[in-house]
Structures are given as C-alpha cells and as structure tokens.
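S.K.: with the sequence up front, the predicted model follows.
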Amino acid sequence: MRIKAIRGAITVEKNTRQEILDNTKRLLSAIIDKNSLRYEDIVSVIFTATKDLDAVYPAVAAREMGMTQVPLMCCQEMYVEGSLEKCIRVLIHAYLDDDRVPHHVYLEKAINLRPDIAQT
C-alpha cells in the first residue's frame, strides 16, 4: 500500500450553509465510492473554496459524514481573475494498493477544470 493523492471539485449555485454541505458530501461520497475507500484509508483531506463561499467550512461536511479521526484543513483558493466561481476543491491523501490508480472526480461546472481526467 502506498499513499496516493486523489483530486476532486464541485461547484454550488448559492453561498448557503446547506448547499455547501450537501455538495461537499456529494463530492466526498463520489470520491470514496469511485476509489473504494474506507475512512481508515484516508490520511488527510485539504479543502479549498473560492472567495465567494464563506457560509461554512467544507470540512464540516466531512465531520458530519463521520470523518472524525481524519485530519482536515480548509483554505481559501487563490483568486485568479475570470476563474470558476463558487467552487470547492479537495485533495485527499489515502492509502491505496500499489496497482490502483486514483480516480479523480469533478462534478457540476467543475468538470471544466480537468475534463481530461474528470470521472463522473
């Protein structure tokens, strides 16, 4: 087993607590399902959110899902003029078998960030 990095992102329509939590849970669930992860496989999770999302930390969604022993960190995504708005990104470090390739997940408008590797 090796530690590998799994990327993902999702956009929300509104800067509300419920929408941020619901969409973050949707993204995390998709990554966990696509990569057959258990919480004990996850080493750490880094979340970023664009500056227009400030109603709640995305990490709250992970805690509500039961990731109480996983180190979580939230950061503000660097602002670039004209970049995708209302976007939550995630970087998960997890133990995967040596022969397993990480499946990255991009949902909603975030598919446009990495259409070359997006898994829907």
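M.R.: It's in. Numbers count the residues shown, from 1 in each chain.

S.K.: please make it C-alpha for all contacts and neighbour counts, starting now.
M.R.: OK.

S.K.: end-to-end on stretch 90-108?
M.R.: 14 Å (C-alpha to C-alpha, to the nearest Å).

S.K.: off-centre distance for it?
M.R.: 10 Å (C-alpha atoms, centre = their mean, to the nearest Å).

S.K.: for that stretch, report the contacting residues that lie outside it.
M.R.: 1-12, 27, 30-31, 34-35, 41-48, 113-114, 117-120 (C-alpha atoms under 8 Å, 6 or more residues apart in numbering).

S.K.: which of these are buried?
M.R.: Neighbour counting by 16 or more other C-alpha atoms under 10 Å classes 4-12, 27, 30-31, 35, 42-48, 113, 118-119 among the contacts of stretch 90-108 as buried.

S.K.: list the helices and strands the helix of greatest length in the chain packs on?
M.R.: Counting by DSSP state H, the longest helix found in the chain is helix 17-34. If you count contacts as 3 or more C-alpha pairs under 8 Å, 6 or more residues apart in numbering; DSSP states H and E, helix 17-34 packs onto strand 2-11, helix 59-65, strand 105-106.

S.K.: how far off centre is the second one?
M.R.: When you say that, I think you mean helix 59-65. 11 Å.

S.K.: please apply the same query to the first one.
M.R.: Using C-alpha atoms, centre = their mean, we find the averaged C-alpha position of strand 2-11 to lie 7 Å away from the chain's own average C-alpha position.

S.K.: and that strand with helix 17-34, angle?
M.R.: 140 degrees (axes from the mean of the first three to the mean of the last three C-alpha atoms, to 10 degrees).

S.K.: show me what strand 2-11 is packed up against.
M.R.: helix 17-34, strand 87-96, strand 105-106.

S.K.: now do that strand, average pLDDT.
M.R.: Mean per-residue pLDDT for strand 2-11: 97.

S.K.: stretch 35-51 now?
M.R.: Per-residue scores along stretch 35-51 average to 97.

S.K.: which one of the helices and strands packed on helix 17-34 lies closest to residue 85?
M.R.: Nearest to residue 85 among the helices and strands packed on helix 17-34 is strand 2-11 (7.5 Å), distances taken as C-alpha to C-alpha.

S.K.: thanks again, I'm all set now.
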